[in-house]
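J.: Build the 3D model from these lines:
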Amino acid sequence: MIPASIESHLLRIRHRTHYLYHFPVTFEPHRLVIRPREGHDLRVESLSMIIEPQASVTWTRDIFGNSVAQAHFDHQAAELVIESDVTVRRFFDPAKPPHLDTGASSYPLQYDPLEHGIITGYLTPVYPEESASVQQWIASIPQPGGFASAEDFVISATKIIHQTIGYRRREEKGVQTPDTTLSLKTGSCRDVATLLMEALRHLGIAARFASGYLDCPNTRAARGSTHAWTEVYFPRLGWRGFDPTIGEACDHRHIVTGTSHHPRGVMPVSGRIFGPGNAFQSLTVGVEFSSPEAVFRQSQIQS
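T.: The predicted structure is shown next:
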């Protein structure tokens, strides 16, 4: 057994969602996907939530393994505030690129028959009616067979979307369809993540939608927001993230709160209200990052 040293960093994430209404409204139960997913590379050290108006909260785990909070309200109000304050510990080796590992996957990918029952959901397009436009876009880029590995192709497609689709922050609910994103040549992080996911599925590459946070200088310098990207399943490497918003493979800066076969499955906050049709006034979302510790500590693991 050879000891290997990895870095351990604490990160504090404060996430505030604020809905404002012209009149008091009635809140149906709201679904919150805001707790980071834990694993070998991340551990939640603490989490607290403040919800106004007051709500009772129960935690469940959905079919995708996400921790989901269900908020139930007893009172009407003219605003809804949901604040989460979570501290996570991240474990990673900064000297090891996140997308390089042993066992590169050749294209076309061959998935284990034992996984086919699950893989099917990640290979089925969400927008089958837009297959023609997605296929046309695929035909315009370098084909996967021309790359040394499927991973290299996915990185290439990620970079192409970043270079050709301009970023536009949108507060509107939902995602743009791939055809809309390709036509406008602009989109939010969730729009380009959906485009990449759909394109890969058309090529027989299992992909899913990931929601969470991105810790980077821009979000630390100013009030950030939630983020979204695409995760791809490789036979030997497992799930790996790719972020077309920045044109790179994901690394420790990407904090996952939820993954799903469909973009709607991991909306950070979702729920219905009852009130006048013109009740809605505004929605603001803010995410702040800070480091609870000044320096990292070294953790020793056995490999």
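
J.: Can you pull out the low-pLDDT segments for the protein?
T.: 1-5, 97-103, 171-172, 221-223, 293-303 (pLDDT under 70).

J.: max-length strand in this protein?
T.: If you go by DSSP state E, the chain has its longest strand at strand 3-32.

J.: continuing past that one, what's the next helix or strand?
T.: strand 42-52 (DSSP states H and E).

J.: Restrict that next one to CA atoms and write it as PDB.
T.: Output of strand 42-52 as PDB, limited to C-alpha atoms (Å, rounded to 0.1, in the frame of the first residue of the first chain):
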ATOM      1  CA  LEU A  42     -16.800  15.800  -0.700                       C
ATOM      2  CA  ARG A  43     -18.300  15.700   2.800                       C
ATOM      3  CA  VAL A  44     -21.000  18.000   4.300                       C
ATOM      4  CA  GLU A  45     -19.700  19.400   7.600                       C
ATOM      5  CA  SER A  46     -22.800  21.400   8.500                       C
ATOM      6  CA  LEU A  47     -26.000  22.700   6.900                       C
ATOM      7  CA  SER A  48     -28.700  25.000   8.100                       C
ATOM      8  CA  MET A  49     -31.800  26.500   6.400                       C
ATOM      9  CA  ILE A  50     -34.000  29.500   7.100                       C
ATOM     10  CA  ILE A  51     -37.400  29.700   5.300                       C
ATOM     11  CA  GLU A  52     -39.800  32.600   5.500                       C
END
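
J.: For the residue nearest in space to the middle of the chain, give its distance to Arg201.
T.: The residue lying closest to the centre of the chain (Cα atoms, centre = their mean) is Ser211, at 2.0 Å. Look at Ser211 and Arg201: by Cβ to Cβ, to the nearest Å, they are 18 Å apart. All C-beta atoms are positioned from the backbone trio N, CA, C, and that covers glycine.

J.: Okay, buried residues for the longest strand of the chain please.
T.: Using 16 or more other Cβ atoms under 10 Å as the test for burial, strand 3-32 gives 6, 9-13, 15-17, 19, 21, 25, 27, 30-32.

J.: show me where this protein has helices.
T.: Using DSSP state H, the helices of the chain run over 116-123, 131-139, 150-164, 178-184, 189-202, 217-221.

J.: Check those helices for me and report the most buried one.
T.: With neighbours taken as mean count of other Cβ atoms under 10 Å, these reach their highest mean count in helix 189-202, at a mean of 25.

J.: chain center to that helix, what's the gap?
T.: When distances are taken as Cα atoms, centre = their mean, to the nearest Å, helix 189-202 is centred 12 Å away from the chain's centroid.

J.: Kindly report the same for stretch 255-265.
T.: For stretch 255-265, the distance to the chain centre is 6 Å (Cα atoms, centre = their mean).

J.: Tell me which stretches of the stretch 151-300 of the chain form strands.
T.: 166-167, 186-187, 207-214, 227-234, 238-243, 248-249, 254-260, 269-274, 280-290, 297-302 (DSSP state E, counting those that start in this stretch).

J.: In CSV, list these along with distance to Ser67.
T.: Below are the strands of the stretch 151-300 of the chain laid out as CSV (distance: least, Cβ to Cβ, whole Å):
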stretch, distance to Ser67
strand 166-167, 29
strand 186-187, 28
strand 207-214, 12
strand 227-234, 17
strand 238-243, 17
strand 248-249, 25
strand 254-260, 8
strand 269-274, 14
strand 280-290, 18
strand 297-302, 24
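
J.: quick one on the thing from earlier: the residue nearest to the centre of the chain bridge partners, please.
T.: Ala228, Gly258 (DSSP bridges).

J.: For Asp74, see how far away it is.
T.: Distance from Ser211 to Asp74, by Cβ to Cβ: 28 Å.

J.: List the contacts of His261.
T.: 64, 121-122, 124, 126, 208-209 (Cβ atoms under 8 Å, 6 or more residues apart in numbering).

J.: Just the buried ones from these?
T.: Of those, these count as buried by 16+ other Cβ under 10 Å: 64, 122, 126, 208-209.

J.: quick revisit: could you identify the most distant pair in the buried residues of strand 3-32?
T.: Using Cβ to Cβ, the buried residues of strand 3-32 reach their maximum pairwise distance at Ile6 and Val25, which is 47.8 Å.
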